[in-house]
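Q: sequence and computational prediction follow.
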Amino acid sequence: MFRLGVHISIAKGLVNSLIEAEGLKCTAMQIFIRNPRGYARKKLADQEIESFKNKRRSININPLVVHGSYLLNLASSDEKLRKKTISLVKEDLKICNVIDADLYVVHFGSNTDKKIGIKFMRESLGEILTGYKGNTVLLLENTAGEGNKLGSNIDQIAKSIKGLGKKVGICLDSAHLFAAGVDIRKKSVLNKFLQEFDSKIGLNKLKLLHLNDSKYGLAEHKDRHQHIGNGFIGRSGFKTFINHPLLCGLPMILETPSEKEKDDIKNLNKVKYLKIK
Ligand SMILES: [Zn+2]
Ligand SMILES: [Zn+2]
């Protein structure tokens, strides 16, 4: 079954986020469990978590994805920030397991020195996953390669996670891929990219797609999301991307702008319309 959802706020509580997902006819969803541009986190009461699990079962939301804070940096040369990131990711994973989240997404870190950055990524991930027995799988999300961000090409992704086991995987964001220089509008480019991904990382590591159109052009290395079909990827580009035989079975989450009331439903409907049944 095709799984599609959108990022939803938990500002009005966990259960309300599910009611919103239900209203949007989502079959998957993504939430933040702490302030995305900070570290603060709302305490979740046991009763709220129980109600959330019951409601989720009744409306069948799978997967449940949690997105980590944007301030996390697993690759930082600043030891204090790196250590803080490691402990926050560990804490997030604990909460993810309490609320039965299937996937936890964190962006690749950044470092002015790519080689050292990748080394820190590996070490940080190793520390997080050593002895980790939870069910939530940690996913690293590719970046547009803006500034000093790592994770905008297959080699960096491969080096960061090689040999780290089954509890780590990859989330690919369409806008980030495009901004990083992969022309996902063309089937031949996608074929080549996915072939390389398979040989260096393994397609079994690919667990989730973020669907966003891009406000900037191909290889501009800027991370700005646009409504589906209204950006540089465009409608026919998305049709090619979401129907690719190696991608069409993956769960898909929209992180498109949500400024007006109908934005989410419009974007979800566009994806449904473009998806070949
Ligand atoms: Zn994303
Ligand atoms: Zn983005």
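A: Yep, it's here. Ligands and ions are numbered 1, 2, ... in the order given.

Q: got the residues of the protein near ligand 1?
A: By CB under 5 Å from the ion, the residues of the chain that approach ligand 1 are 173, 210, 255. All C-beta spots, glycine's among them, are computed from the backbone N, C-alpha and C.

Q: Serialize those to CSV and add fields for secondary structure.
A: Below are the residues of the chain next to ligand 1 laid out as CSV (DSSP: H, G, I helix; E, B strand; the rest coil):
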residue, secondary structure
Asp173, strand
His210, strand
Glu255, coil
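
Q: where exactly do the strands run in the stretch 151-277 of the chain?
A: With strands called from DSSP state E, counting those that start in this stretch, the stretch 151-277 of the chain shows them at 168-173, 206-211, 213-214, 225-226, 252-254.

Q: against Glu255, how distant is whatever residue of the stretch 1-150 of the chain ends up closest to ligand 1?
A: Of all residues in the stretch 1-150 of the chain, the one sitting closest to ligand 1 is Glu141 (5.4 Å; CB to the ion). Relative to Glu255, Glu141 is positioned 10 Å away (CB to CB, to the nearest Å).

Q: quick check: neighbours shared by those two?
A: 173, 210 (CB atoms under 8 Å, 6 or more residues apart in numbering).

Q: wait, a helix at Lys12?
A: No - judged by three-state DSSP, Lys12 forms no part of a helix; its state is coil.

Q: what about it, distance to Leu268?
A: Applying CB to CB to Lys12 and Leu268 gives a distance of 20 Å.

Q: looking at these two, which is more packed in?
A: Ranked by neighbour count (other CB atoms under 10 Å), Lys12 and Leu268 place Leu268 first, with 21 against 11.

Q: tell me, how many neighbours does Leu71 end up with?
A: Counted with other CB under 10 Å, the neighbours of Leu71 add up to 16.
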